[in-house]
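Visitor: What follows is a predicted structure for the sequence shown.
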Amino acid sequence: MNSARRAAAAPTGCRHCGIEQRGHGIQAASDGSHIWTPPTQQQIKNRMLARRAERTQRGDS
Ligand SMILES: [Zn+2]
């Protein structure tokens, strides 16, 4: 089943949780709290592709 309706993370969102730097603050994670950390180039790329895929799906029907 694929019922996840959560929007793809922002390309520049936190490496750990995907929240954008603005509004991130200190987030609690499974391995403790963390501050915003820049995503890797690979993460940025993957997120941009995910967003594009979402947009394509939505406009397809
Ligand atoms: Zn985070």
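Guide: That came in fine, so what should we check first? Keep in mind the model is a prediction, meaning the values are calculated, not measured.

Visitor: Get me the contact residues on the protein for the ion.
Guide: 14, 16-17, 27 (Cβ under 5 Å from the ion). To be clear about C-beta, it is placed using only N, CA and C from the backbone, and glycine gets the same treatment.

Visitor: tell me the contacts of the residue lying closest to Ala29 once chain neighbours are set aside?
Guide: Nearest residue to Ala29, sequence neighbours excluded (Cβ to Cβ, 6 or more residues apart in numbering): His16, at 5.8 Å. Going by Cβ atoms under 8 Å, 6 or more residues apart in numbering, His16 touches 27, 29, 34, 37.

Visitor: Work out for me the element His16 sits within.
Guide: Assigned by DSSP states H and E, His16 belongs to no helix or strand.

Visitor: Next one, pLDDT for it please.
Guide: Looking at His16, its pLDDT stands at 89.

Visitor: for the most centrally placed residue in the chain, what are its contacts?
Guide: By Cα atoms, centre = their mean, the mean C-alpha position of the chain lies nearest to Ala9, the distance being 2.0 Å. Applying Cβ under 8 Å, 6+ apart to Ala9 gives the contacts 18-19, 47, 50.

Visitor: Mind doing that once more with 7 Å?
Guide: 18, 47 (Cβ atoms under 7 Å, 6 or more residues apart in numbering).

Visitor: Could you say which helix or strand holds it?
Guide: Using DSSP H and E, no helix or strand contains Ala9.

Visitor: Give me the distance between Ala53 and the ion.
Guide: As judged by Cβ to the ion, to the nearest Å, Ala53 and the ion stand 23 Å apart.
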